[in-house]
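Undergrad: Using only what follows, build the 3D model:
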Amino acid sequence: MSQFDLIRVERSIRIIRSDKVILDEDLAELYGIETKKLIQAVRRNLDRFPADFMFQLTNQEFKDLKFQSGTSSQWGGRRTPPYAFSEQGVAMLSSVLHSPRAVQANIEIMRTFVRLRRILASHTELAERLEQLEQKYDEQFRVVFDAIRQLMQPDATEKEPIGFKVKEKTGTYQ
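TA: Numbering: from 1, shown residues only. Next up, the predicted model:
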């Protein structure tokens, strides 16, 4: 997989229902197959995909997801909520999809999940060490510790999407 594909894998991982998951559409794109074919393969092997490996989004979650992406062009023709696959579900897909590209994509996806877990673990370790240092030193360093904690927090502001915003009257196109 190229560096571009690795970036696509990292961007495909979402947090839904407090789990890190990849949606069926993103997986199908990474595997180089149609989403419909991926879902068919999964449905033929449903016993391999318990609820903690894969789940279908609710209609509300699907609406929220479309709202977050900002446009409907990405989701244009989709009428049913997508399936979300956990790390274990992605691993199980390797037993269902046998193409060389699917195998290679699975390997890179698993590596990305491991990298993400390492980053989160180091962040937790850093927070614990900061806590220990804070208990060790007196009040005069509290400002420094508070500043470091603020830097460790994810940016809560929602960023404006990149691109042009076109406002046009609805009309018929031919």
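
Undergrad: And the contacts of the strand ranked longest in the chain?
TA: Residue-count comparison of every strand in the chain, with assignments taken from DSSP state E, identifies strand 19-23 as the longest. Contacts of strand 19-23 with the rest of the structure, by C-beta atoms under 8 Å, 6 or more residues apart in numbering, involve 9, 12-15, 82-87, 89-90, 109, 113, 116. Heads up, the C-betas are built off the backbone N, CA and C, glycines and all.

Undergrad: For the top helix by length along the chain, buried residues please.
TA: Of all the segments of type helix in the chain, defined by DSSP state H, the longest one is helix 100-136. Buried positions in helix 100-136, judged by neighbour count with 16 or more other C-beta atoms under 10 Å: Ala102, Ala105, Asn106, Glu108, Ile109, Thr112, Phe113, Glu134.

Undergrad: Can you dump the C-alpha atoms of stretch 96-111 in CSV for me?
TA: Written as CSV, here are the backbone C-alpha positions of stretch 96-111 (Å, rounded to 0.1, in the frame of the first residue of the first chain):
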residue,chain,number,x,y,z
VAL,A,96,-14.2,-13.8,3.8
LEU,A,97,-12.4,-11.7,1.1
HIS,A,98,-9.6,-13.6,-0.5
SER,A,99,-8.2,-11.2,-3.2
PRO,A,100,-4.5,-10.2,-2.9
ARG,A,101,-5.5,-6.6,-2.6
ALA,A,102,-7.9,-7.4,0.2
VAL,A,103,-5.2,-9.2,2.1
GLN,A,104,-2.7,-6.4,1.7
ALA,A,105,-5.4,-3.8,2.7
ASN,A,106,-6.2,-5.8,5.8
ILE,A,107,-2.6,-5.9,6.8
GLU,A,108,-2.3,-2.1,6.6
ILE,A,109,-5.6,-1.5,8.3
MET,A,110,-4.5,-3.7,11.2
ARG,A,111,-1.1,-1.9,11.4
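
Undergrad: Right, I'll leave it there.
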